[in-house]
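*Asks:* All I have is the shape, not the residue letters:
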């Protein structure tokens, strides 16, 4: 009735990407217009000014309303545990500071981002246009999962605000907080989609290399100039990956830090309500649910970076298959050797500020660190629990 999942995923992923684009334009997060005649992105100063004004104004309103609302009535959990209140204030300030920096970097690095997405458009509609016949299911799956995590975060946020005992949520405060959260997620979505597109292009190159190897197994005398073109595209993707990381590395550091702090305070809220205050209600499910969704969102970012690294390693493995073939085309042999040399000396790596790599090892370390910080916090405030 609804068709197969493979047919539905590309449509849903395309719909999500269009929603992200229009949402980014609405909030002034993507200050570029599309010139359909030249098929290029143009940087709009009007959109840049609009984005700065609207986002800083919304943050100003959020801080003012939040401060006034907190002074009127304090949560029972904060009265029971002052340390929890202090941590909550620190994380709120950290999130606000991160948002201020991220929106400023959107303005400051808009030219770099424009060049990156112009090149992505060029690759999509010129170099890889003929290769788009086969849909990359991994790309579609990760776009859909990212959308679900954003929706899950909003649902958990609303559940906690309207389900927490003794809490009297302010409508405008909740609404502005939701817009604030969506705005940050859309910013990260730009980086997320950029990495996924690079992965998708490397995946297409690998598919072409597989096809070429199989063709030459059937007909060893076949020649192809496609290898040299794939080498050129692979080199462009390496440069594009480097530019993308340089443009969004501060965004990612701030978001990863916020994730680490946010998960700690979520667990501590659960400890205070469930152990210290002994309040057991249905709304407590929202805390572990929020923890799981935040961890899922965090791990998606780790996974796409790791997938792109593995796709680059797979390219090296596919090039080794050419050494087992018997062919007499010197030009093809030279192109394969150059390709193999490039893959061995330059790899897809996701280092933030040159300090640490975004991969599975770093992800596990951050999870362990969050557990350790939570244990330190419980030991520090043990007498109040």
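*Replies:* Done, it's in. Owing to the predicted nature of the structure, the values given are computational and were not obtained by experimental measurement. Residues are numbered from 1 along each chain as shown.
*Asks:* Just give me how far the helix or strand bottoming out on mean pLDDT in the chain sits from the chain centre.
*Replies:* Sorting the helices and strands of the chain by mean pLDDT, DSSP states H and E puts helix 76-80 at the bottom, at a mean of 75. Helix 76-80 sits 35 Å away from the centroid of its parent chain (Cα atoms, centre = their mean, to the nearest Å).
*Asks:* and that helix, what other elements does it pack with?
*Replies:* If you count contacts as 3 or more Cβ pairs under 8 Å, 6 or more residues apart in numbering; DSSP states H and E, helix 76-80 packs onto helix 82-108. (C-beta placed from N, C-alpha, C; glycine too.)
*Asks:* What average pLDDT does the lengthiest helix in the chain get?
*Replies:* In the chain, taking DSSP state H as the definition, the longest helix is helix 171-218. What helix 171-218 shows for mean pLDDT is 87.
*Asks:* hmm, who's touching stretch 368-385?
*Replies:* With Cβ atoms under 8 Å, 6 or more residues apart in numbering as the test, stretch 368-385 has contacts from 80-83, 87, 260, 263-264, 267-268, 271-272, 275-276.
*Asks:* Can you give me every residue that contacts the residue nearest in space to the middle of the chain?
*Replies:* Residue closest to the average C-alpha location in the chain (Cα atoms, centre = their mean): residue 192, at 3.5 Å. Under the criterion of Cβ under 8 Å, 6+ apart, the neighbours of residue 192 are 146, 300, 301, 304.
*Asks:* you'd agree the last one is up against residue 197?
*Replies:* Meaning residue 304. No - between residue 304 and residue 197 there is no contact under Cβ atoms under 8 Å: 10.4 Å.
*Asks:* Settle it for me: which of the two has more neighbours?
*Replies:* residue 304 (25 against 20; other Cβ atoms under 10 Å).
*Asks:* mind listing what's buried in stretch 194-206?
*Replies:* Using 16 or more other Cβ atoms under 10 Å as the test for burial, stretch 194-206 gives 194-206.
*Asks:* Make a markdown table out of those residues and add distance to residue 227.
*Replies:* Output for the buried residues of stretch 194-206, formatted as a markdown table (distance: Cβ to Cβ, whole Å):
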| residue | distance to residue 227 |
| --- | --- |
| 194 | 26 |
| 195 | 25 |
| 196 | 25 |
| 197 | 23 |
| 198 | 20 |
| 199 | 21 |
| 200 | 20 |
| 201 | 16 |
| 202 | 15 |
| 203 | 17 |
| 204 | 14 |
| 205 | 10 |
| 206 | 13 |
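*Asks:* just those now: which is nearest residue 248?
*Replies:* Using Cβ to Cβ, residue 194 comes nearest to residue 248 of the buried residues of stretch 194-206, at 7.7 Å.
*Asks:* ok now do the nearest residue to the closest one once chain neighbours are set aside, which residues does it touch?
*Replies:* Spatial nearest neighbour of residue 194, chain neighbours left out: residue 244 (4.9 Å); criterion: Cβ to Cβ, 6 or more residues apart in numbering. By Cβ under 8 Å, 6+ apart, the residues touching residue 244 are 116, 191, 194, 195, 198.
*Asks:* Okay, the second one and residue 315: tell me how far apart.
*Replies:* Meaning residue 191. Look at residue 191 and residue 315: by Cβ to Cβ, to the nearest Å, they are 23 Å apart.
*Asks:* quick revisit: could you check the angle the longest helix of the chain makes with helix 82-108?
*Replies:* 60 degrees (axes from the mean of the first three to the mean of the last three Cα atoms, to 10 degrees).
*Asks:* Start at 486, not 1
*Replies:* OK, 486 is where the count begins now, so the last one is helix 656-703.
*Asks:* Specify the angle between the helix or strand just after helix 656-703 and helix 656-703 in degrees.
*Replies:* Beyond helix 656-703 on the C-terminal side, the first helix or strand identified by DSSP states H and E is helix 711-756. If you take the same axes, to 10 degrees, helix 711-756 sits at 150 degrees to helix 656-703.
*Asks:* Quick check: next helix or strand after helix 711-756?
*Replies:* Next along the chain from helix 711-756, counting by DSSP H and E, comes helix 771-806.
*Asks:* Having no further points to raise, I will conclude here.
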